[in-house]
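**Q** What would the 3D arrangement of this be:
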Amino acid sequence: MTMENLTVSNSSVFTSAGVLTTSTVLGVCCALGVPGNVAVLVMLVQHLKEGSFTPKLMMSLAVSDLLSLIFLPLWIYALLNGWSFGQGLCKFFSYVVYWSLYSSVFCLTLMSVQRYLQVLYSQRWAKLGRRGENGLICGIWILSGILGSYALIYRTAGQIKKKMQCYPAYRNHQEKIAIILMETVVLFFLPLTCLVCFYLRLHKRISQSSSFNSHRLTKLAVRIVVTFFIFSTPCMINNIVQIAVPNNLDDSNDVTGALFFMNSCMNPFLYAFSARTLRCRDKAHSSHSHDTNPNE
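**A** Numbers count the residues shown, from 1 in each chain. The predicted structure is shown next:
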């Protein structure tokens, strides 16, 4: 999907409108997302000693996004000039980007689940313990690394149209369909469903209680879902087109793949810079639980 769409493949005119558009989008993502995620990491370091799961999960999200964005200058150069870094680095950098993108999406998904359970079922979440929380984060990175490992197999560097490119070399059309379907489900439909369902249920439960003011949380949840939907949907539509149309549409692949990186660019502004709202929400709920359950 993302890196699948962001194939370093261009027409005979390398500075086509599609390539320039893709390069511009990637440049904006890198310029905004890298310093934004670095700022998030610096901001969250001071909260790690508190032992709260939210800062740890946000830090994992920021690391994932930073890894997916920090190599974008390399892909921009390759889009404009062709791939000149060899097959080994083609596989390695592709794998790092896939790994970090899977991890980023899984962190977003877990954050919606954690927010729902921690606010409405705090005692159940507390039973998980610090070891269980750390295990969830480690599990995200391990699972992401496994799911992204196919980049080491099918990504390769070769000459196409007299230009060296880092591209996906599928053995057959069935393999291509299987990979695209897997990416579409895991990186789009599954996380989007979780985001919508858990935030809707969270808003419904909180709005029924006079102890919470859900306005800020509702606005944050809406921004999260809308942002993910806006920047992910074009890539998913393009994936479906790729399944139906055997021939690659280079410009649409590159542009829609680049748009997916906007999620990693926007995440620090949506989550970490809204951390104060979420921490206040936790404190308010903890106080409410203590007052209504003094023996617990």
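
**Q** how near is Cys29 to Ile179?
**A** 24 Å (Cβ to Cβ, to the nearest Å). C-beta: built from backbone N, CA, C; applies to glycine.

**Q** Pull out the buried positions in the helix ranked longest in the chain.
**A** Criterion DSSP state H: the longest helix present in the chain is helix 86-120. Buried residues in helix 86-120, defined by neighbour count with 16 or more other Cβ atoms under 10 Å: 90-112, 114-120.

**Q** ditto for stretch 140-149
**A** Going by 16+ other Cβ under 10 Å, stretch 140-149 has these buried residues: 140-141, 144-145, 147-148.

**Q** Can you say which helix or strand has Thr156 in it?
**A** Per DSSP states H and E: Thr156 is located in strand 155-160.

**Q** who's in contact with that strand?
**A** Strand 155-160 is contacted from outside by 3, 9, 83, 85-87, 90-91, 94-95, 164-169, using Cβ atoms under 8 Å, 6 or more residues apart in numbering.

**Q** Could you single out the nearest of those residues to Lys56?
**A** Among the contacts of strand 155-160, Tyr95 lies closest to Lys56 (Cβ to Cβ), at 24.5 Å.

**Q** List the contacts of that closest one.
**A** Here Tyr95 is in contact with 148-149, 151-152, 155 (criterion: Cβ under 8 Å, 6+ apart).

**Q** Just put these in TSV and tack on secondary structure, distance to Ala244 and pLDDT.
**A** Output for the contacts of Tyr95, formatted as TSV (DSSP: H, G, I helix; E, B strand; the rest coil; distance: Cβ to Cβ, whole Å; pLDDT from 0 to 100):
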residue	secondary structure	distance to Ala244	pLDDT
Gly148	helix	25	95
Ser149	helix	27	95
Ala151	helix	24	93
Leu152	helix	28	94
Arg155	strand	23	92
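
**Q** pLDDT weak spots in the stretch 1-150 of the chain?
**A** 1-15, 49-51 (pLDDT under 70).

**Q** Okay, helices next: where are they in it?
**A** Counting by DSSP state H, counting those that start in this stretch, the stretch 1-150 of the chain has helices at residues 2-5, 17-45, 53-70, 72-81, 86-120, 122-126, 129-147.

**Q** So for Lys219, which of those sits nearest?
**A** Judged by Cβ to Cβ, the one of these that comes nearest to Lys219 is helix 86-120, at 14.0 Å.

**Q** quick one, strands of the stretch 151-296 of the chain?
**A** Here the stretch 151-296 of the chain has its strands, by DSSP state E, counting those that start in this stretch, at 155-160, 163-168.

**Q** that older thread, for the contacts of strand 155-160, which one is nearest Leu57?
**A** Looking across those and measuring by Cβ to Cβ, the closest to Leu57 is Tyr95, at 23.3 Å.

**Q** nearest residue to that closest one other than its sequence neighbours?
**A** Nearest residue to Tyr95, sequence neighbours excluded (Cβ to Cβ, 6 or more residues apart in numbering): Ala151, at 4.4 Å.

**Q** cool, and Val196?
**A** Per Cβ to Cβ, 6+ apart, closest to Val196 is Val225, 5.8 Å.

**Q** Tell me how many other residues surround the one you found.
**A** The tally of other residues near Val225 (other Cβ atoms under 10 Å) stands at 16.

**Q** Roughly how far does it sit from Val96?
**A** Going from Val225 to Val96 by Cβ to Cβ gives 27 Å.

**Q** Asp65 and Asn37 touch, don't they?
**A** Yes. In this structure, Asp65 is within contact of Asn37 by Cβ atoms under 8 Å, at 5.0 Å.

**Q** any shared contact partners between these two?
**A** 264, 267-268.

**Q** Save those residues as JSON lines, and put in pLDDT and neighbour count too.
**A** Formatted as JSON lines, the shared contacts of Asp65 and Asn37 follow (pLDDT from 0 to 100; neighbours: other Cβ atoms under 10 Å):
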{"residue": "Ser264", "pLDDT": "91", "neighbour count": "30"}
{"residue": "Asn267", "pLDDT": "88", "neighbour count": "27"}
{"residue": "Pro268", "pLDDT": "86", "neighbour count": "26"}
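
**Q** Filter the residues you listed down to just the ones in helices.
**A** Counting by DSSP H, the shared contacts of Asp65 and Asn37 place 264, 267-268 in helices.

**Q** give the contact list for the residue nearest to Tyr95.
**A** The contact partners of Ala151, by Cβ under 8 Å, 6+ apart, come to 3, 91, 94-95, 97-98.
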